[in-house]
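> Next one to model:
(one chain, ligands or ions: 3)
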Amino acid sequence: MARYDLEQWVKECAELTQPDSIHWCDGSDEEYRTLIDGMVKDGTLIEMNQKTHPGCYYHRSNPNDVARTEHLTFICSQNKEDVGPNNNWMLPDEAKEKGRAILKGSMRGRKMYVIPYLMGPIGSPYARAGVQVTDSPYVTVNMRIMTRIGTPALEHIRKTGSFVPGLHGLADVNPERRLILHFPEEELIWSIGTGYGGNALLGKKCFALRIGSAIAKKEGWMAEHMLIIGLEDPKGKVHYMAAAFPSASGKTNLAMMVSSLKDQGWKIWTVGDDIAWMNIDKEGQLRAINPEAGFFGVAPGTSVNTNPMAMETIKRNTIYTNVALTKDLQPWWEGIETPPSEGMLDWRGNVWDGKEKAAHPNSRFTAPASQCPMISPEWESPEGVPISAIIFGSRRSSVVPLVMQSYDWDHGVFVGATMGAETTAAQTGAVGVVRRDPMAMLPFCGYNMADYFGHWFEMGKRIKKKPLIFRVNWFRKSADGKFLWPGYGDNIRVLKWILERVQGAENVQDSPIGYIPKTDALDLSGMNMPKETLEEIFRYDKAGWENGLKEIEKFLSTFGDRMPREMWNQYESFKARVQKS
Ligand code: GTP
Ligand code: SPV
Ligand code: MN
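Ligands and ions are numbered 1, 2, ... in the order given. Now for the predicted structure:
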């Protein structure tokens, strides 16, 4: 990793931005208190109902700043080819010049916070440090929940001599002057003109994924947009899996699922809900750590029925952003399954008129992972958890079946790389449009994705006990637009089948796209699923896949000669199978 002189770098940031004062964060409770009190005083935060929600605070972000902005996100490398067609590109010098013009003097009259933070469990050989400077106290308190800030991070930096620097300035929070800049060659981040989520909490998408993926490629490990779970079987043995779903497509929900088969002894343990760093250990086993320490989860759709464990997690010490606020200062959002209350304020702060959504579709909660009642005892294990299956999933209202297994690692890479996904409110732009979102990493891969695919193939050669790779889709709909699969807690049934495959059960049949469960192989006990619905969920849609072929070919072609030959080989076999079908 690159080496910076911490004091010198902070000094340079201050010279550019001209803050009135600088505060070095130690991560203490006292410091947190002071930050919160200051923000309650100046209106940045509203204290929520402390009887029902102790330690909870409410924040409205600027209405122009409510989701990640992919069109303002750049990878700044010397060569355009190195960032690939999957990223916006700028020359590093040009990016810095643009950034400097906005940041210059922008912290005058404000305080600059220096946040040393650690991504990964304390003492883990796989953990990495970052330092974010920011003029946003809201970002600072969110970083304190999402990462391990202060002393442990400084110690890590002292020991290893390295950290990823991230300069964050709100400036005037104007989309015209908003830039999220990544410099993979310097392992450096600049984020400007935004205070929201993945744009501004630099440990998350900027470091753990974009810069992280570039470092991982260099060093031979993987930084992925994946949840991590432990699946406990009726004998009490826990098997770990990692799953990549695009933004707002079900990771948090799967990670905290209350199993519909709990009476049989099937149970889930949460290790992480958004990001996995995976390394190959001395025995050749792939092991995953959760680099984060909190959840920045989608609020809408979360309820005691869909995700009771999340509801439990966010009862205290949580920051709510852009949800609706009831008169008695409790949070509310669409899908919470309690009736909206009289005189409630919507996410913009107006009295809700019932016409538009009360909570922004990308409104979120920030909560400590340690508060999750089903957090795995292994979640901070320094060596990580051994991964026996990798799952790719996305929203597809048609074509893609509930679950399928790839034939082998390379086929699994192809399945993940060519995954289509309907867009969500987690990024600005149209919702529900199908695009290719390889490994759910399209917005997060910090270099040319052709090289990223090459890296996946390479990892497959190096991992001795290869995880099996699966594709799932909870979102297939009937002709009248209803979800065919109930999802949530019932997804355990799919995970159970996946584990049986890992353990070598012969419960599959072949199909042109991969192995699917044999009839009756899925445990549907106690769920009253009509036979026709099940058939529809697994129906092979020849026309749909033929159409997919064209999309996939077009997508793979955008990478030109850089695309590894293995990918085209996989494509040719897939094409032959579909055409023969
Ligand atoms: P990011 O934090 O943006 O990376 O998203 P995520 O992948 O963690 O998404 P999350 O679990 O928060 O899911 C977002 C939306 O998907 C919510 O509106 C959920 O209600 C919905 N959802 C999650 N799981 C299921 C499911 O099994 N079935 C259906 N129909 N909807 C689901
Ligand atoms: C995502 O969009 O995938 C998130 C939320 O997890 S954000 O932190 O805004 O990236
Ligand atoms: Mn995410």
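> Please determine how far whichever residue of the stretch 401-550 of the chain sits closest to ligand 3 is located from residue 190.
As assessed by Cβ to the ion, ligand 3 sits closest to residue 426 within the stretch 401-550 of the chain, at 6.9 Å. Where C-beta positions appear, they are placed from N, C-alpha and C, glycine not excepted. Relative to residue 190, residue 426 is positioned 22 Å away (Cβ to Cβ, to the nearest Å).
> so who does the closest residue to residue 73 other than its chain neighbours touch?
In this structure, residue 73 finds its nearest non-sequential neighbour in residue 180, 4.3 Å apart by Cβ to Cβ, 6 or more residues apart in numbering. Taking Cβ atoms under 8 Å, 6 or more residues apart in numbering, we find residue 180 in contact with 69, 72-74, 190-192, 194, 199, 206.
> Take those and write them to CSV, including distance to residue 547 and pLDDT.
Compiled in CSV, those are given as follows (distance: Cβ to Cβ, whole Å; pLDDT from 0 to 100):
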residue, distance to residue 547, pLDDT
69, 30, 96
72, 32, 98
73, 30, 98
74, 32, 98
190, 41, 98
191, 38, 98
192, 41, 98
194, 37, 98
199, 34, 98
206, 35, 98
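> and whatever residue of the chain ends up closest to ligand 2, backbone torsions?
Checking the chain residue by residue against ligand 2 with Cβ to the nearest ligand atom singles out residue 198 as nearest, at 2.3 Å. Phi and psi for residue 198, reported as degrees, to the nearest 10, are phi -60, psi -20.
> Double-check it against residue 68; I have them as touching.
Yes: taking contact to mean Cβ atoms under 8 Å, the distance of 4.5 Å between residue 198 and residue 68 places them in contact.
> Show me which of the two is the more surrounded one.
With neighbours defined as other Cβ atoms under 10 Å, residue 198 and residue 68 compare such that residue 198 has more, 26 against 23.
> which residues sit in contact with that one?
Taking Cβ under 8 Å, 6+ apart, we find residue 198 in contact with 68, 204-206, 296.
> Settle this for me: residue 476 is touching residue 401, isn't it.
Yes: taking Cβ under 8 Å as the definition, residue 476 is a contact partner of residue 401 at 7.3 Å.
> Next, show the common contact partners of the two.
Counting by Cβ under 8 Å, 6+ apart, the shared contacts of residue 476 and residue 401 are residue 537.
> on that earlier part again, please say which of residue 426 and residue 190 ends up with more neighbours.
More neighbours sit around residue 190 than around the other of residue 426 and residue 190, counting by other Cβ under 10 Å; the figures are 26 against 19.
> Check the contacts of residue 198 against residue 89 and report the nearest one.
For residue 89, the closest of the contacts of residue 198 turns out to be residue 206, at 16.2 Å, with distances computed as Cβ to Cβ.
> give me every residue that touches the residue of the stretch 301-450 of the chain found nearest ligand 1.
When scored by Cβ to the nearest ligand atom, the stretch 301-450 of the chain has residue 301 as its residue closest to ligand 1, at 2.6 Å. For residue 301, the contacting residues are 334-335, by Cβ under 8 Å, 6+ apart.
> coming back round to it: contacting residues around the spatially closest residue to the residue of the chain closest to ligand 2 that is not a sequence neighbour?
Computed as Cβ to Cβ, 6+ apart, the closest residue to residue 198 that is not its neighbour in sequence is residue 205, at 3.9 Å. Residue 205 sits next to 68, 198-199, 443-444 when contact means Cβ under 8 Å, 6+ apart.
> what's the most distant pair in those residues?
When Cβ to Cβ is used, the two most widely separated members of these are 199 and 444, lying 12.5 Å apart.
> Name the nearest residue to the closest residue to ligand 1 within the stretch 401-550 of the chain, ignoring sequence neighbours.
Proximity of the stretch 401-550 of the chain to ligand 1 (Cβ to the nearest ligand atom) peaks at residue 487, 2.5 Å away. Of all residues not flanking residue 487 in the chain, residue 474 sits nearest, at 4.3 Å (Cβ to Cβ, 6+ apart).
> and the one you found, what helix or strand is that in?
Per DSSP states H and E, residue 474 falls between elements, in no helix or strand.
> which residues touch it?
For residue 474, the contacting residues are 250, 393, 402, 483, 485, 487, 491, taking Cβ under 8 Å, 6+ apart as the criterion.
> mind checking the SS state of the residue lying closest to the third one once chain neighbours are set aside?
Read it as residue 402. The shortest distance from residue 402 to any non-neighbouring residue, by Cβ to Cβ, 6+ apart, is to residue 537 (4.6 Å). Assigned by DSSP: H, G, I helix; E, B strand; the rest coil, the conformation of residue 537 is helix.
> Wait, residue 537 touches residue 401, no?
Yes: with contacts defined as Cβ under 8 Å, residue 537 counts as touching residue 401 at a distance of 6.3 Å.
> Between those two, which contacts overlap?
When contacts are counted by Cβ under 8 Å, 6+ apart, residue 537 and residue 401 are jointly contacted by residue 476.
> what's whichever residue of the stretch 101-250 of the chain sits closest to ligand 3 sitting at in phi/psi?
Closest approach of the stretch 101-250 of the chain to ligand 3 (Cβ to the ion) occurs at residue 247, with a separation of 4.8 Å. Note on residue 247: its backbone torsions stand at phi -50, psi 140 [degrees, to the nearest 10].
> That one: what's it in contact with?
Taking Cβ under 8 Å, 6+ apart as the definition of contact, the neighbours of residue 247 are 68, 424, 426-427, 440, 443.
> if we can go back for a sec, ok, the residue of the stretch 401-550 of the chain closest to ligand 1 - contacts?
Contacts for residue 487 were tallied using Cβ under 8 Å, 6+ apart; they are 250, 253, 474-475.
> filter those residues by proximity to ligand 1?
Among the contacts of residue 487, the ones lying close to ligand 1 by the criterion of Cβ under 6 Å from any ligand atom are 250, 253, 474-475.
> Now distance to residue 325 and pLDDT too, for those residues, in TSV please.
As requested, these are arranged in TSV below (distance: Cβ to Cβ, whole Å; pLDDT from 0 to 100):
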residue	distance to residue 325	pLDDT
250	26	96
253	24	97
474	30	98
475	30	97
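> Need the max-distance pair from those residues.
Within these, 253 and 475 form the most distant pair, 11.9 Å apart (Cβ to Cβ).
> Between those two, point out the one with more neighbours.
residue 253 (24 against 21).
> Quick check: residue 415 touching residue 405?
No: between residue 415 and residue 405 no contact is recorded; they are 9.2 Å apart, counting by Cβ under 8 Å.
> Overlap in contacts, these two.
Common neighbours of residue 415 and residue 405, using Cβ under 8 Å, 6+ apart, are 469, 514.
> And the pLDDT at the closest residue in space to residue 306 that isn't next to it in sequence?
Spatially, and ignoring its direct neighbours in sequence, residue 306 is nearest to residue 488 (5.2 Å; Cβ to Cβ, 6+ apart). Looking at residue 488, its pLDDT is 95.
> do the one 5 residues further on as well
Residue 493 carries a pLDDT score of 98 in this model.
> so how many other residues sit close to it?
Using other Cβ under 10 Å: residue 493 sits among 24 other residues.
> the helices in the stretch 101-250 of the chain, which residues?
137-146, 151-160, 197-200, 212-219 (DSSP state H, counting those that start in this stretch).
> quick one, which of the ones you listed is nearest to residue 110?
Residue 110 lies closest to helix 137-146 among the helices of the stretch 101-250 of the chain, at 9.5 Å (Cβ to Cβ).
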